[in-house]
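**Student:** Need a 3D model of the sequence below.
(one chain, ligands or ions: 1)
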Amino acid sequence: MGIMIKKILNRIILNSPFFIHRHKTIHKSKLAIIGFHRVIDEADERFQEANLQWTITSQQFKDILITLKKYFTLVSPEEVLDAQRNVRNLPSSPLLITFDDGWVDNYLYAFPILKENNARALFFITTDYIGSYSYFMEEALFSYFSLASRGNSEFEKFIRDVECDLGKMKGYPHNHQINLAISKVRKLKPEKRKEVLQKYHEIIHRDISVRLFMNRDELKEMYDSGMSIGSHGKSHTPLTSVGASKEELISSKQVIENITGTNEFFLSYPHGAYNAKLSKECSGAGFHFACSSDTGLNSVPINNMFALKRFFLPSWRFNAHSGKLTNDQLKEIVLRDL
Ligand SMILES: [Zn+2]
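**Tutor:** Presented below is the predicted three-dimensional model:
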């Protein structure tokens, strides 16, 4: 089928009252949770190195938020808890907005847009990275590969050190090749991996003068303005693979309590990795619920509070370089993807 015909058909479907009615019926009494990572203004230097798979522009976030508000009622994590405890019912078509990782761009760009639109969100932060100028390992690798593919000779050496093929990574964007290379680095022997990462971390550290993660004051300000702060672990290591998962859970919880004074605790599993044992530990450590990266809607009442499903926007479809989203793309995100 021709692309043009597909586009026209798509538009007819997305605008049909039946489709909109169907969406409303499906979502009426189910909880939808949406997950974002980074929201960056294109003029910000952080944008150049950001992994576009997890990044949208400020303008795109604003458009998406306004569209979400047309079809959903935004709820807070406390409202989700109240419904679960039979204190009050959730409104029709409830939607909880979440952010993973704790990037400073969340504070700089997403937070003002949320306030402007009278919207609330739950920010899951990685407590070892509060105020940090360093990336998580995956994002550090992503920026090394990006710099190498743009002809930075220091990082071209890095590619050879980790036995990847720079030829395949030329051209930008090139997310797929970079993700393959990242998985290759993950498989290096721990000593070798540590050695090369250390060497290049020092080089990149000289290059990055901007902070990457939110600091305590920013988190406190967001909390005081009605946003919720949850835990995304302490070190961003999958909690299923660290020996001391209980320690990570309790210590990240204490940091959040220290900053905000809250006694309501929520978690998002780093890398989405969880199992029954970990869920049990979360509950035991005093968390009220945990979000996974599994896709889907949550029936209400929720049967497993420690395996909440979410939707992540397929940002590859509207690559952050493409600028403003069209009305059809926005409707597609909300009515088809969510
Ligand atoms: Zn994460």
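**Student:** what's the nearest residue to the most centrally placed residue in the chain if we skip its chain neighbours?
**Tutor:** Residue closest to the mean C-alpha point of the chain, counted by Cα atoms, centre = their mean, is His37 at 2.7 Å. Excluding the flanking residues, the one nearest His37 by Cβ to Cβ, 6 or more residues apart in numbering is Trp54, at 3.7 Å. Backbone N, C-alpha and C define where each C-beta goes, glycine included.
**Student:** cool, Lys246 as well?
**Tutor:** Spatially, and ignoring its direct neighbours in sequence, Lys246 is nearest to Glu281 (5.5 Å; Cβ to Cβ, 6+ apart).
**Student:** same thing with Phe47?
**Tutor:** For Phe47, ignoring the flanking residues on the chain, the nearest one in space by Cβ to Cβ, 6+ apart is Ile40 at 4.6 Å.
**Student:** close enough to count as contact, that neighbour and Asn51?
**Tutor:** No. Counting by Cβ atoms under 8 Å, Ile40 stays clear of Asn51, with 10.9 Å between them.
**Student:** Dihedrals phi and psi, Glu78?
**Tutor:** phi -60, psi -40 (degrees, to the nearest 10).
**Student:** ok, now which ones touch it?
**Tutor:** The neighbours of Glu78, taking Cβ atoms under 8 Å, 6 or more residues apart in numbering as the test, are Ser228, Glu264.
**Student:** Pull out the buried positions in stretch 31-50.
**Tutor:** Residues 31-40, 44, 46-47, 49-50 are the ones in stretch 31-50 that count as buried (16 or more other Cβ atoms under 10 Å).
**Student:** Within range of the ion, give me the residues from the stretch 51-200 of the chain.
**Tutor:** Within the stretch 51-200 of the chain, the positions near the ion by Cβ under 5 Å from the ion are Asp100, Asp101.
**Student:** where in the stretch 51-200 of the chain is pLDDT low?
**Tutor:** Applying pLDDT under 70 to the stretch 51-200 of the chain flags residues 166-175.
**Student:** One more pass at 90, please.
**Tutor:** Residues of the stretch 51-200 of the chain that meet the criterion pLDDT under 90 lie in 51-55, 133-200.
**Student:** in it, which spans are strands?
**Tutor:** Along the stretch 51-200 of the chain, counting by DSSP state E, counting those that start in this stretch, strands occupy 55-57, 73-74, 94-101, 122-125.
**Student:** any chance of these in a markdown table, with mean neighbour count too?
**Tutor:** A markdown table is the format used below for these (neighbours: other Cβ atoms under 10 Å):
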| stretch | mean neighbour count |
| --- | --- |
| strand 55-57 | 23 |
| strand 73-74 | 18 |
| strand 94-101 | 25 |
| strand 122-125 | 25 |
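**Student:** So which of these is nearest Asp63?
**Tutor:** strand 55-57 (9.5 Å; Cβ to Cβ).
**Student:** That closest one pairs with which strands?
**Tutor:** When pairing is defined by DSSP bridges, strand 55-57 lines up against strand 38-40 (parallel).
**Student:** Just checking the distance from the strand it pairs with to the centre of its chain.
**Tutor:** Chain-centre distance of strand 38-40: 10 Å, with Cα atoms, centre = their mean, to the nearest Å.
**Student:** Tell me how far whichever helix or strand comes after that strand lies from the chain's centre.
**Tutor:** Where DSSP states H and E defines the elements, the next helix or strand beyond strand 38-40 is helix 46-49. The chain centre lies 16 Å from the centre of helix 46-49; the measure is Cα atoms, centre = their mean.
**Student:** Just the CA coordinates for helix 46-49, please, in PDB.
**Tutor:** Extracted C-alpha coordinates of helix 46-49, given in PDB (Å, rounded to 0.1, in the frame of the first residue of the first chain):
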ATOM      1  CA  ARG A  46      23.100  18.300  26.500                       C
ATOM      2  CA  PHE A  47      20.900  17.600  23.500                       C
ATOM      3  CA  GLN A  48      23.900  16.900  21.200                       C
ATOM      4  CA  GLU A  49      24.900  13.800  23.200                       C
END
